[in-house]
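K.L.:
What shape does this take:
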Amino acid sequence: MQNEIITFTSPKSSVSEIFRTLRTNVQFMNASSNQKSILFTSTQSGDGKSWIAANLAVTFAQAGKKVIMVDTDMRRGRMHEIFELSNSKGLSNYLILSVDKPEERLGEYIQPTMIENLYVIPAGVVPPNPSELLTSAKMIDLMKVLNGMADVVIYDSTPSTMVTDALAISRYVGTTLIVASYKKTKMEILKTIKKHIENVGGRVGGVILNNTPSNRKVYGKSYYYESSLVLAEPKKKSMFDVFKGIGKSFNNEEENQVEEIKQKLDKVDDDNSKIENEANSNQIDAESSNNETTGDNKIKDDEELNMLLKQLTRYLETK
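P.N.:
Coordinates of the predicted model:
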């Protein structure tokens, strides 16, 4: 855990700040629908899905939320390793219980972590039929029970291009987030996964782009790249509309102040869109590797966007 839970071991680091920004985005994204469950899937193994899910769970717990992390990857689950827990009793063990009221024994399978407010249900022993267990009535009942027990429930699932486990439960969660890898994930694969999730009744909240060099600093003749995450919410609503949709009211002066911030956000978003349109349409490539000027502009826009989002968030929190 020392190497992976950065938000716990290094809470003041820039990476931890990125996770807190991601937490804020997810909260506002789900504010109007009051959804508390989040499913993580990815395009392929190695995208960093479990690492992102675990660190996001920590940031929610640090904000005072009671969080339950459920490892639904019963084939190669890693949450017990990340949080250094026993895997002898986990999700698979619970789902194969042959008792009338398994929820009465649920406490045996929810393990506390060294992080306050954060609990984990590990994957458990590898069963012969994980897909069938995830689509069982017992699993659906468990998800309902967990919603009543916690403020936030995070499900870490399998890559959607390999097995259908994530699709099986995506329709029962509030939001599904897809983790993609910078310069590796193909756009067509993302579109296919999104379509499959929506076909079974799931809701894709956005795409998290991992391993992105977004902050470049010059040290002598060398460069330092800092990994970052990008939450790409489908553009059904602007960020301003999401803020407005959570019940905030403004007088005329406040409307003008917020509108000014909105215009700046829209300009940054437009600038980023122009840059991204120059990238390869068949591959996620947030900055052109052959155009240093384009990369520098994108870095500047990312920093300005984060600053504006923080400014708007602080303003709304005072309301």
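K.L.:
Tell me which other helices or strands the helix or strand that contains residue 7 touches.
P.N.:
Using DSSP states H and E, residue 7 falls within helix 6-9. For helix 6-9, the packing partners by 3 or more C-beta pairs under 8 Å, 6 or more residues apart in numbering; DSSP states H and E come out as helix 14-30, helix 49-62. C-betas here are computed from N, CA, C, even on glycine.
K.L.:
hey, least reliable of the ones you listed by pLDDT?
P.N.:
Note on the helices and strands packed on helix 6-9: helix 14-30 shows the lowest mean pLDDT, a mean of 85.
K.L.:
by how many degrees do that one and helix 49-62 diverge?
P.N.:
Going by axes from the mean of the first three to the mean of the last three C-alpha atoms, to 10 degrees, helix 14-30 is angled at 80 degrees with respect to helix 49-62.
K.L.:
in helix 14-30, what counts as buried?
P.N.:
Neighbour-count burial for helix 14-30, with 16 or more other C-beta atoms under 10 Å as criterion, is recorded at 16-30.
K.L.:
got the residue ranges for the strands in the stretch 51-200 of the chain?
P.N.:
Here the stretch 51-200 of the chain has its strands, by DSSP state E, counting those that start in this stretch, at 67-71, 111-112, 118-121, 152-156, 175-181.
K.L.:
Identify whichever of those lies nearest to residue 47.
P.N.:
Among the strands of the stretch 51-200 of the chain, strand 175-181 comes nearest to residue 47, with 4.5 Å by C-beta to C-beta.
K.L.:
Who does that closest one pair with, and is each partner parallel or antiparallel?
P.N.:
Strand 175-181 has its sheet partners listed here by DSSP bridges as strand 37-42 (parallel), strand 204-210 (parallel).
K.L.:
so which of those strands is the most packed in?
P.N.:
strand 37-42 (a mean of 27; mean count of other C-beta atoms under 10 Å).
K.L.:
hmm, back to that, closest one to residue 37 among the strands of the stretch 51-200 of the chain?
P.N.:
Among those, strand 152-156 sits nearest to residue 37 (C-beta to C-beta), with 4.5 Å.
K.L.:
tell me what that closest one is packed against?
P.N.:
So strand 152-156, by 3+ C-beta pairs under 8 Å, 6+ apart, packs with strand 37-42, helix 49-62, strand 67-71, helix 137-149.
K.L.:
switch to 10 Å and redo it
P.N.:
Contact partners of strand 152-156 among helices and strands, from 3 or more C-beta pairs under 10 Å, 6 or more residues apart in numbering; DSSP states H and E: helix 14-30, strand 37-42, helix 49-62, strand 67-71, helix 79-82, strand 118-121, helix 137-149, helix 165-170.
K.L.:
got a markdown table for the ones you listed, with distance to residue 7 too?
P.N.:
Shown next, in a markdown table, are the helices and strands packed on strand 152-156 (distance: least, C-beta to C-beta, whole Å):
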| stretch | distance to residue 7 |
| --- | --- |
| helix 14-30 | 5 |
| strand 37-42 | 15 |
| helix 49-62 | 4 |
| strand 67-71 | 12 |
| helix 79-82 | 12 |
| strand 118-121 | 11 |
| helix 137-149 | 22 |
| helix 165-170 | 24 |
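K.L.:
Any idea which of these gets closest to residue 202?
P.N.:
For residue 202, the closest of these is helix 165-170, at 3.2 Å, according to C-beta to C-beta.
K.L.:
The closest one - contacts with which helices or strands?
P.N.:
Where contact means 3+ C-beta pairs under 10 Å, 6+ apart, helix 165-170 is packed against strand 37-42, helix 130-134, helix 137-149, strand 152-156, strand 175-181, helix 187-199.
K.L.:
same thing but at 8 Å, please
P.N.:
With contacts taken as 3+ C-beta pairs under 8 Å, 6+ apart, helix 165-170 sits against strand 37-42, helix 130-134, helix 187-199.
K.L.:
one step back: could I get the helices and strands packed on helix 6-9 in CSV, plus columns for distance to residue 197?
P.N.:
Compiled in CSV, the helices and strands packed on helix 6-9 are given as follows (distance: least, C-beta to C-beta, whole Å):
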stretch, distance to residue 197
helix 14-30, 16
helix 49-62, 14
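K.L.:
Which among the ones you listed is found nearest to residue 178?
P.N.:
Residue 178 lies closest to helix 49-62 among those, at 8.8 Å (C-beta to C-beta).
K.L.:
List of residues touching that closest one?
P.N.:
For helix 49-62, the external contacting residues (C-beta atoms under 8 Å, 6 or more residues apart in numbering) are 4-8, 11, 16, 19-20, 22-23, 26, 38, 40-42, 67, 69, 73, 78-79, 82-83, 115-118, 151-152, 154, 156, 159, 179, 208, 210, 229.
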